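Chemist: Model the following, please.
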Amino acid sequence: MANEIIELLKNGSKPKILIVQPSRMGDIIFALPAVTQIKKTYPNVHISWIADERCADIIKDNPLIDNLIVFDRRHITLSYLKKMYKLLRAEKFDLSIDFHGLFKSAFIVKMAGAKYKLASSSTNGMRELSWLFSKEIKPESVNTHCIERHLAVAKYLGCPVDTDNLEYSLHVDEKYINEVKEILKKENVNLDKKIVLVHPGGGWISRRWQSDKFAQTIDLINENYDVTVMLIGGKEGGASEKGLDEEIISLSKTKKIVNLTGKLTLKQLMAIFKLASLFLANEAGPMHIATALKVPAVAILGPTDAKRTGPFKGNTTVIQKKVPCQPCRNRTCTKVDCMKLVSVEDVFCEISKKLS
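Modeler: Presented below is the predicted three-dimensional model:
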């Protein structure tokens with residue numbers, strides 16, 4: 001099958017590819033290097049990407065993507081699915097690539113009905129019967145990062161792959177950078193100072209470092225460096241980040257914190273990274289955006305395997321304490337020894353190296 005698809009991509013008249021990676025932020029970032037290599041190798045292809053309404057803005061207006069299809073989970077009805085089916089079938093896709101490997105993505109693959117159907121092994125292989133709908137392209141090693149698993153598909157399609165020089169092609173338009181600058185001016189932020197962004201949230205409760213430790217770390221930053229510390233994150237979402245910002249600010253002694261929680265769109269979130277000198281966060285979507293944009297960062301990891309889903313190379317320092325039950329991937333663990341063992345001193349030491 002590989003030779004047939006490669007011949008089509010090389011010599012076909014504007015071959016159509018559908019990228020099926022609907023969510024979430026980090027998952028979309030993980031798929032970008034593979035899509036970038038496919039587009040670079042076969043510039044004549046027409047790439048459509050289907051993403052849900054929560055994450056579509058990450059790739060909206062991206063020159064890499066010819067057609068963004070938004071799958072709105074909030075309005076799923078039989079009528080809506082019929083319309084989506086007609087829309088996808090009308091495109092007459094030559095190839096679909098499932099980078100998600102779950103029932104949801106397999107359902108989309110089935111609706112699209114491309115001539116050829118490929119899939120990556122994603123984080124933990126194809127699950128929920130998704131392997132019935134697409135040919136799984138397995139990586140050279142099972143213990144490899146999700147980005148490398150996706151790149152195995154690009155390699156299968158004849159694309160050169162160099163993991164030491166990855167291109168994410170994450171596009172940030174200048175207008176969103178200007179929007180963020182206006183927001184910061186209203187917050188009386190001195191743009192001549194270095195900006196340290198802090199994201200204390202994350203989709204899983206078990207992946208969150210303690211609020212009091214974030215507050216203590218922010219105090220140490222303010223006491224030792226002339227910078228502007230900003231909290232970012234959503235007021236809602238995942239396990240909900242609501243209240244984390246107020247809690248951290250209340251626990252802080254210096255109180256020198258600009259609170260942008262819930263005030264930025266996804267496009268503006270991407271833009272503010274362009275102004276940042278350092279990013280401190282738990283493992284979550286914003287951390288992977290920072291890695292893709294090459295922002296110096298310190299990542300605190302707990303119940304997951306950094307080698308599979310952590311920040312991939314880049315200028316990110318990972319702090320993770322080993323415990324016997326790791327990686328458990330337990331989203332609701334209340335014991336969280338892996339996170340409790342990370343000290344303020346551990347984190348501030350790495351921050352100091354980057355700020356200095």
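
Chemist: Could you look up the SS state of the nearest residue to residue 49 once chain neighbours are set aside?
Modeler: Nearest residue to residue 49, sequence neighbours excluded (C-beta to C-beta, 6 or more residues apart in numbering): residue 19, at 4.2 Å. Glycine gets a C-beta too; all of them are placed from N, C-alpha and C. Secondary structure state of residue 19, per DSSP: H, G, I helix; E, B strand; the rest coil, is strand.

Chemist: what residues are up against residue 19?
Modeler: 31, 35, 47-50, 65, 97, 99 (C-beta atoms under 8 Å, 6 or more residues apart in numbering).

Chemist: Over to residue 140?
Modeler: Contacts of residue 140 by C-beta under 8 Å, 6+ apart are residue 152.

Chemist: do the one 4 residues further on as well
Modeler: Residue 144 makes contact with 307-308, according to C-beta under 8 Å, 6+ apart.

Chemist: thinking again about what came up before, in the contacts of residue 19, which residue is surrounded by the most others?
Modeler: residue 97 (31 neighbours; other C-beta atoms under 10 Å).

Chemist: ok but that one is inside a strand, no?
Modeler: Yes. Per three-state DSSP, residue 97 lies within a strand segment.

Chemist: Give me the subset of the contacts of residue 19 lying in helices.
Modeler: 31, 35 (DSSP state H).

Chemist: Which residue ranges of this structure form strands?
Modeler: Using DSSP state E, the strands of the chain run over residues 16-20, 46-52, 67-71, 95-98, 116-120, 135-137, 194-199, 227-231, 258-259, 278-282, 297-301, 316-320.

Chemist: Spell out which strands sit alongside the last one in the sheet and which way each one runs.
Modeler: Strand 316-320 has the following strand partners under DSSP bridges: strand 297-301 (parallel).

Chemist: Also the third one?
Modeler: Sheet pairing here is set by DSSP bridges, and for strand 67-71 it gives strand 46-52 (parallel).

Chemist: repeat for the fifth one
Modeler: With DSSP bridges as the test, strand 116-120 is paired with strand 95-98 (parallel), strand 135-137 (parallel).

Chemist: ok, residues contacting it?
Modeler: Here strand 116-120 has contacts from 1, 4-5, 8, 34, 94-99, 101, 109, 126, 130-131, 133-137, 139, 149-150, 152-153, 156-157, using C-beta under 8 Å, 6+ apart.

Chemist: How is the chain divided into domains?
Modeler: When the chain is parsed with automatic domain parsing, its domains come out as 2-165, 174-355.

Chemist: re the thing from before, from residue 34, how far off is the residue nearest to residue 49?
Modeler: 9 Å (C-beta to C-beta, to the nearest Å).

Chemist: Mind listing the shared neighbours of those two?
Modeler: Joint contacts of residue 19 and residue 34 (C-beta under 8 Å, 6+ apart) are residue 99.

Chemist: Show me the helices in the stretch 51-200 of the chain, by range?
Modeler: Assigned by DSSP state H, counting those that start in this stretch, the helices in the stretch 51-200 of the chain fall at 78-91, 103-112, 146-156, 174-186.
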